[in-house]
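Participant: can you look at this prediction? I've put the sequence above it.
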Amino acid sequence: MSEELSVEELCIDAEDRMNKTVNVLEQELSKIRTGRASAALVDTMRVSYFGTQTPINQLANVSVPDSSTILIQAWDPSATEGIQKAIVQSELGIMPSVEGTVIRLVIPPLTEQRRKELVRHAGKIAEEYKVSIRQIRKEANNLIKKAGKAENLPEDETKKALSEIQQLTDEGINRLTTLFEKKEKEILEI
């Protein structure tokens, strides 16, 4: 953030950064297994393809024919082995079966203990993003106070801007909490 921004611009910038934080958490939570097949589990997984780390979704068609199967159809047959290797080395804990250029992942049902571990993991991630939102608030508040002094703003305008930042923070934290609760419900459903 630049210190040359007006108080209004600082509020807009903080809101934008908080929205991006919420969006990134949503992406992170989509990668956590829920016992159901989802293309998001493998979409961004990276594969070494001609010396370049490439996401699977740029090398293959990823489909979910039923709630417990993910099919990965490599567009280039030479990429199949690299995709298989990336899946084996990932944290998914699923052994792929290869049939030509098609890789099949059968998602096993989650045990109760594993579901609880996944909920704890998702909660930890959500808390890290809440800390990020609070850090954005802290930075914005400091810059607003500096900008208020530099622009000789009346104290009530500075307080209004600080109040707006707090409101944005509360909204961001609530959105993160809602995303986590939705994921928790998804994971714990049998």
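Facilitator: Yep, that arrived. Numbering: from 1, shown residues only.
Participant: please make it C-alpha for all contacts and neighbour counts, starting now.
Facilitator: Fine.
Participant: please enumerate the strands of this protein.
Facilitator: 46-49, 52-55, 60-66, 69-74, 97-99, 102-106 (DSSP state E).
Participant: between those, which one is closest to Ala86.
Facilitator: strand 46-49 (5.7 Å; CA to CA).
Participant: and that closest one, how far out from the chain middle?
Facilitator: 21 Å (CA atoms, centre = their mean, to the nearest Å).
Participant: other SSEs contacting that strand?
Facilitator: Applying 3 or more CA pairs under 8 Å, 6 or more residues apart in numbering; DSSP states H and E, we find strand 46-49 packed against strand 52-55, helix 80-89.
Participant: point out the most buried one among the ones you listed.
Facilitator: helix 80-89 (a mean of 18; mean count of other CA atoms under 10 Å).
Participant: looking at the helices and strands packed on strand 46-49, which is nearest to Glu157?
Facilitator: That would be strand 52-55 among the helices and strands packed on strand 46-49, by CA to CA, at 47.4 Å.
Participant: helices along the chain, start to end?
Facilitator: 7-30, 80-89, 112-150, 155-188 (DSSP state H).
Participant: residue ranges with poor pLDDT in the chain?
Facilitator: 1-4, 33, 35, 190 (pLDDT under 70).
Participant: how far away is the spatially closest residue to Leu188 that is not a sequence neighbour from Thr52?
Facilitator: Among residues not flanking Leu188 along the chain, Arg115 sits closest, at 6.1 Å (CA to CA, 6 or more residues apart in numbering). To Thr52, Arg115 is 34 Å away according to CA to CA, to the nearest Å.
Participant: got it, and Leu153?
Facilitator: 52 Å.
Participant: same question for Gln166.
Facilitator: 43 Å.
Participant: just Arg36 next, same as before
Facilitator: 30 Å.
Participant: Ser63 now?
Facilitator: With CA to CA as the criterion, Ser63 and Thr52 are 24 Å apart.
Participant: re the thing from before, let's have the strands of the chain in a markdown table, adding distance to Glu128.
Facilitator: Output for the strands of the chain, formatted as a markdown table (distance: least, CA to CA, whole Å):
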| stretch | distance to Glu128 |
| --- | --- |
| strand 46-49 | 24 |
| strand 52-55 | 25 |
| strand 60-66 | 30 |
| strand 69-74 | 30 |
| strand 97-99 | 35 |
| strand 102-106 | 30 |
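Participant: hey, which of the ones you listed is tucked in deepest?
Facilitator: Taking mean count of other CA under 10 Å, strand 69-74 is the most buried of the strands of the chain, at a mean of 23.
Participant: partner strands of that strand, with direction?
Facilitator: According to DSSP bridges, strand 69-74 forms sheet pairs with strand 60-66 (antiparallel), strand 102-106 (antiparallel).
Participant: out of these, flag the one nearest Lys124.
Facilitator: Closest among those, using CA to CA: strand 102-106, at 27.1 Å.
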